[in-house]
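> Turn this into a model:
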Amino acid sequence: MKKILKILPLTFFTVFLFAQDKAYIKKFQTFPSYKDIGYDQDLRSQFHFSSLKGWNNDPNGMVFYDGEYHLFFQHNPEGVKWGNMTWGHAVSENMVNWKQLNHAILPYRDGTIFSGTAVVDHNNTLGKNTSDNKAIIAFFTHAQNSKENWFYQSAAYSIDKGRTFNLINDGHGIVPNQGYDRGERDPKVFWHEQSKKWIMILWIKRGDDTFSGPDTGPGVVKKMGKVRFFESKDLINWRKLFDFDRNWVFECMDFVELAVDGNESNKKWLLYDASFDYEIGDFDGSKFITDKKVGKGDFGNHYYAAQTFYNSPDKRTVIIGWMPTRDKNIFIDNKTPWNQQMSFPSSMELRTSSDGIKLYRNPIKEIENLYIKSYLFSNKKIKNISKRLNKIDFELIDLTLSFKPEKNDEIMINLRGKEIKYKNEFFTFQNTKIPAPKVNDYVKIRVLVDRPSIELFINDGESVMTTYSVSDKNNRKILFKSNRNLNIELEINKLKSSWE
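Modelled structure (predicted):
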């Protein structure tokens, strides 16, 4: 009788969880209904990722394994508005052509699946690797629906190349809430080779510089935010290392090591948050030291919560961000089956500039897979180029322009009705100014144009602006103007859709 009494509660609990899991799968695994949706709609991006159906926002768990880049992402599997956060899933061999798969991690119990990262368990730390596959381990925030319950950090593992995941600790927290904010979230996890341990970075308190007070001078006080660093030997038990306190930090932290000027023996660490403020410094596994100089990774208002691929097969560090429209009803008003998109993947490098070490970002070279026709103009007058271009229609564009500006001259680039202006070492687009100082007397700009977006890369990525901006589908012209009819270097590449 004693034996039966011991077994009954466990059996009941197991049956309860199994029934609950089936109910959540039935509710949220909606991907089979996506099969009849295509990508050729007026507002649909043609070479940027967007979910076939439903809402998507932050990229999550970006990892490379066995020939595939995995893009997990915040997803509403039940509608085109934010909610029911689930990890959607897509894979690609080249980060350009994506195939969407079944939703990867579904909501469970009293919470949903917020952002996080993933690693490949090369050392079999978790002990789940098989003879065929290494485990992909995802770390995410379990966001409690009840206001009385605070968020905590959970984990899951996959041994079938990310197709299905098993919750670790039944989905309960492996890192409890630290007590600073109900919404502590978005764990970043990586292996630190120098110290031979796993590191987790977690945003736990928001910074702000808008408060007024006496401690930093008249009218301004820096309200410090907090990012907590943890260490682990087993990926389950995490110990606090130290806190990084800054006024700029807020959610979706990422932390990557980059070579300076391509020198692999001289590396620095880059820490950035969702709005792409960043600092550069040194990390030895026990402390992160910077000069406290804050950089700006994007000048637009449409680049957020970016993340880098873990375990990249080459020495590149590739980043993808969410491109929020800010006008979230544009898709709803147009009755589209999806809402939102990602940025085009770009590589990140640290280079020495006149202002010290800075971050540079440029589209990945795989965009060339989409080129269908190129137009090259070397040292030609703007008016002559515009006359020739007037006879050609463009839709999807990768354009690079280099010129030697003259004082007080204004150059206008019109791409399918969208105007980009240059004057006095600044480009201006949609009332936003982007620094464009001369480099060896020249200024260079690269522009990617998709149906609903424009991305600007100035001087080989020293300044970047990512913008949601819908092109006029009836305007497929490119025009240039300058007061002095400058000679320019120009390359325009027509792109095909990545969904063909």
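> Across the sheet, point out what pairs with the nearest residue to Glu68 once chain neighbours are set aside.
What sits nearest to Glu68 in space, not counting adjacent residues and going by C-beta to C-beta, 6 or more residues apart in numbering, is Val91, at 4.6 Å. No exception for glycine: its C-beta is placed from N, CA and C like everyone else's. Counting by DSSP bridges, Val91 is bridged to His70, Lys99.
> Ala104 is in contact with Val91, correct?
No. Between Val91 and Ala104 there is no contact, the gap being 10.6 Å when judged by C-beta atoms under 8 Å.
> any common contacting residues for these two?
Gly162 (C-beta atoms under 8 Å, 6 or more residues apart in numbering).
> low pLDDT regions in this structure?
1-20, 209-222, 328 (pLDDT under 70).
> any idea how far Asn177 is from Phe140?
14 Å (C-beta to C-beta, to the nearest Å).
> more neighbours, those two?
Shown here are Asn177 and Phe140; by other C-beta atoms under 10 Å, Phe140 has more neighbours (28 against 19).
> quick one on the thing from earlier: tell me how many other residues crowd the residue nearest to Glu68.
Neighbour tally, Val91, other C-beta under 10 Å: 19.
> ok now do it, which residues does it touch?
By C-beta under 8 Å, 6+ apart, the neighbours of Val91 are Glu68, Tyr69, His70, Leu71, Trp98, Lys99, Leu101, Gly162.
> one more time with 10 Å
65, 67-72, 97-101, 161-163 (C-beta atoms under 10 Å, 6 or more residues apart in numbering).
> Nearest to Phe426 among those?
Leu71 (33.8 Å; C-beta to C-beta).
> Now that closest one: closest residue in space, sequence neighbours ignored.
Per C-beta to C-beta, 6+ apart, closest to Leu71 is Ala90, 4.8 Å.
> And the one you found, how far from Pro59?
If you go by C-beta to C-beta, the gap between Ala90 and Pro59 works out to 10 Å.
> between those two, what contacts are shared?
Phe49, Leu71, Phe72, Phe73, Met342.
> what's around the fourth one, how many residues?
Residues within reach of Phe73, counting by other C-beta under 10 Å, total 29.
> That one sits in which helix or strand?
Assessed by DSSP states H and E, Phe73 sits inside strand 68-76.
> in stretch 426-438, what's buried?
The neighbour-count check on stretch 426-438 (16 or more other C-beta atoms under 10 Å) flags Phe426, Phe427, Phe429, Lys433, Ile434, Ala436 as buried.
> returning to that earlier point: ranking the shared contacts of Ala90 and Pro59 by neighbours, who comes first?
Most surrounded of the shared contacts of Ala90 and Pro59: other C-beta under 10 Å gives Phe72, at 32 neighbours.
> Please parse this structure into its domains.
8-363, 368-495 (automatic domain parsing).
> need the contact list for Lys240.
Contacts of Lys240 by C-beta under 10 Å, 6+ apart are Val175, Gln178, Met200, Leu202, Arg228, Phe229, Phe230, Glu231.
> again with Tyr34
Per C-beta under 10 Å, 6+ apart, neighbours of Tyr34: Ser51, Leu52, Lys53, Gly54, Pro77, Gln100, Asn102, His103, Pro337, Trp338.
> one more time with 8 Å
Tyr34 neighbours (C-beta under 8 Å, 6+ apart): Leu52, Lys53, Gln100.
> which of Ala90 and Pro59 has more neighbours?
Pro59 (28 against 21).
> Quick check: bridge partners of the more buried one?
Judged by DSSP bridges, the bridge partners of Pro59 are Phe73.
> Over to the one 4 residues further on?
Partner residues in beta bridges with Val63: His70, Tyr310, with DSSP bridges as the criterion.
> mind checking how far it is from Val91?
10 Å.
> hang on, the earlier thing: and the strand holding Phe73, how far out from the chain middle?
11 Å (C-alpha atoms, centre = their mean, to the nearest Å).
> Could you check how far Leu359 is from Gln29?
Counting by C-beta to C-beta, the gap from Leu359 to Gln29 is 39 Å.
> What of Asn166?
For Asn166, the distance to Gln29 - C-beta to C-beta - is 15 Å.
> Over to Asn56?
Distance from Asn56 to Gln29, counting by C-beta to C-beta: 16 Å.
> These two: which has the busier surroundings?
Just comparing Asn56 and Gln29: by other C-beta under 10 Å the higher neighbour count belongs to Asn56, 26 against 14.
> what sits against that one?
So Asn56 contacts Ser50, Phe73, Gln74, His75, Asn76, Gly88, Trp322, Trp338, Asn339, Gln340, Gln341, Met342 (C-beta under 8 Å, 6+ apart).
> which stretches of the stretch 201-350 of the chain form helices?
329-333 (DSSP state H, counting those that start in this stretch).
> Can you tell me what sits against the one helix or strand Lys387 maps to?
Lys387 is part of helix 382-389, with elements assigned from DSSP H and E. Under the criterion C-beta under 8 Å, 6+ apart, residues 375, 377, 411, 477-482, 485-488, 490, 492 lie in contact with helix 382-389.
> Just the buried ones from those residues?
For the contacts of helix 382-389, buried by 16+ other C-beta under 10 Å: 375, 377, 411, 477-480, 482, 486-488, 490, 492.
> Which two among those residues are spaced furthest apart?
Lys477 and Asn487 (21.6 Å).
> Report the buried residues of stretch 293-307.
Gly295, Gly297, Asp298, Phe299, Gly300, His302, Tyr303, Tyr304, Ala305, Ala306, Gln307.
> ok, now which ones touch the residue lying closest to Tyr278 once chain neighbours are set aside?
Of all residues not flanking Tyr278 in the chain, Tyr272 sits nearest, at 3.7 Å (C-beta to C-beta, 6+ apart). Counting by C-beta under 8 Å, 6+ apart, Tyr272 makes contact with Met253, Asp254, Tyr278, Glu279, Gly297, Ala306.
> switch the cut-off to 10 Å
Contacts for Tyr272 (C-beta under 10 Å, 6+ apart) come out as 248-249, 252-256, 278-280, 294-295, 297-298, 306, 308, 319, 348, 359.
> Check Pro107 too.
Counting by C-beta under 10 Å, 6+ apart, Pro107 has contacts 24, 27-28, 77, 84-87, 113, 142-143, 145, 171.
> if you set the cut-off to 6 Å instead, what comes out?
Going by C-beta atoms under 6 Å, 6 or more residues apart in numbering, Pro107 touches Phe28, Ile113.
> same thing with the one 10 residues further on?
Under the criterion of C-beta under 6 Å, 6+ apart, the contact partners of Thr117 comprise Gly61, Phe139, Lys188, Val189.
> switch the cut-off to 7 Å
Shown in contact with Thr117 (C-beta atoms under 7 Å, 6 or more residues apart in numbering): Gly61, Phe139, Pro187, Lys188, Val189, Gln307, Tyr310.
> does the second one really touch Gln153, like I thought?
Yes. Applying C-beta atoms under 7 Å, one finds Phe139 in contact with Gln153, separated by 6.4 Å.
> which neighbours do these two share?
Joint contacts of Phe139 and Gln153 (C-beta under 7 Å, 6+ apart) are Pro187.
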